[in-house]
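>>> Could you work out the structure for the sequence below:
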Amino acid sequence: MKAVVVDHSAPGHIAIKEVPFPSPAPSEAIIKVTATSLNLGEVRYARSMEEGQQIGWDLAGIVEQSAADGSGPPAGARVVGFLRSGAWTEFAAVPTHALAELPENVSFAQAATLPVAGLTALYVLEKGKGLLGRPILVTGANGGVGLFACQLGKLMGAKVVGLIRREQYAELVRSAGAETVVVSEDGSTAREYGPYRLIAESVGGAVLTNVIKQLAPDGICVSFGASAETEVTLDIRTFYATQRASIYGFLLFYELGLEPAGVGLARLVQLVSEGKLKTFVTVEDSWERIGQVALDLWERRIPGKAVLHID
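Here you go, the predicted model:
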């Protein structure tokens, strides 16, 4: 079968090549993948991974072969799933606890956006407490996680402030539920709309340095990315004087040890089915162009989510 593997001579450091068909464990189902989405993390890791390694986290498709142990959805079911690697492929062996069935009114393209971006936004927002009526800040708000976080924050009753770097994405972020959009390179001007009960932070560098000063007492800053810089300068006296403020280091792979991916995916799928959560697919193409789409994502030319269909 065909799958996307690391190839440092190819655009985006990835290429489609022949690989062996997967051999599933008893608790894994074979999924015929029809759509997948790209995340910045995968594109970044591809630049440092060994040649030939399979790659990809998000997938949606049809159960080709149900799990031998009887768990999970039956053959023929439409599903969305998460893998730690190897989702960009024609067929994937997926643990049944990382699968959720899809109703007919949720497309494969919509579903493919949910595993990494949707679950990250969901679990980041749930780190906050007492968000109803309180301001929260979402940095990198025009990205895949950011647009989900803005929507989920609004659904939780928070007053959502979206922080972006380019004015051209302001209306997109407002349409995702942000009451206020702040355009700033370093996040300093977001102070006007705080202090914040929760900050969903994915930029790092000067942005994290500035926004962490904007936490409310008992507020939490959940750091789940560093798209700009990994080095951060922290005024520790200001931080610990903010009355029980905290910073939480978030990595989705570890969070899934607390709740299986399939549980969170089922919750997100229901919201999409009910029309309460939009997936903001801004690029939809064939997986034959995955190298170019990966480059566009790396160069920050794609807001929202990019979905590729397995031809």
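
>>> quick one: the nearest residue to Val207 once chain neighbours are set aside and Val211, what's the gap?
Taking Cβ to Cβ, 6 or more residues apart in numbering, and ignoring the residues beside it in sequence, Val207 has Gly187 as its nearest neighbour in space, at 4.1 Å. C-betas here are computed from N, CA, C, even on glycine. Using Cβ to Cβ, to the nearest Å, we find Gly187 at a distance of 5 Å from Val211.

>>> swap in Ala306?
Counting by Cβ to Cβ, the gap from Ala306 to Val211 is 27 Å.

>>> Which stretches in the stretch 151-300 of the chain count as strands?
Secondary structure of the stretch 151-300 of the chain, counting by DSSP state E, counting those that start in this stretch: strands at 159-164, 180-183, 196-201, 215-223, 246-249, 281-286.

>>> Give me the below-cutoff pLDDT ranges for the chain.
Of all residues in the chain, none has pLDDT under 70.

>>> what's the burial count for Ala29?
A count of neighbours around Ala29, defined by other Cβ atoms under 10 Å, yields 26.

>>> and it, bridged to which residues?
Beta-bridge pairing of Ala29 under DSSP bridges involves Val94.

>>> Look up the closest residue to the residue nearest the centre of the chain, ignoring the ones flanking it.
Centroid-nearest residue in the chain, with Cα atoms, centre = their mean: Ala117, separated by 1.4 Å. Nearest in space to Ala117, with sequence neighbours left out and distances taken as Cβ to Cβ, 6+ apart, is Gly144 at 3.7 Å.

>>> what residues go with each domain of this structure?
Partitioning the chain according to automatic domain parsing yields domains covering residues 2-115+271-309, 128-249.

>>> JSON lines for these, including distance to Val263?
Formatted as JSON lines, the domains of the chain follow (distance: least, Cβ to Cβ, whole Å):
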{"stretch": "domain 2-115+271-309", "distance to Val263": "8"}
{"stretch": "domain 128-249", "distance to Val263": "16"}
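
>>> Can you tell me which of the ones you listed is nearest to Pro260?
Each of those was checked against Pro260 via Cβ to Cβ, and the shortest separation belongs to domain 2-115+271-309, namely 4.0 Å.

>>> I'd say the residue nearest to Val207 and Ile212 touch.
No. Counting by Cβ atoms under 8 Å, Gly187 sits too far from Ile212 to count as a contact (9.4 Å).

>>> Val183 versus Glu167, what's the distance?
Counting by Cβ to Cβ, the separation of Glu167 from Val183 is 5 Å.

>>> more crowded one of these two?
Applying other Cβ under 10 Å to Glu167 and Val183 shows that Val183 carries more neighbours, namely 15 against 9.

>>> Kindly list the main-chain dihedrals of His309?
phi -100, psi 140 (degrees, to the nearest 10).

>>> Spatially nearest residue to it, not counting backbone neighbours?
Nearest non-adjacent residue to His309 (Cβ to Cβ, 6+ apart): Ala35, at 5.3 Å.
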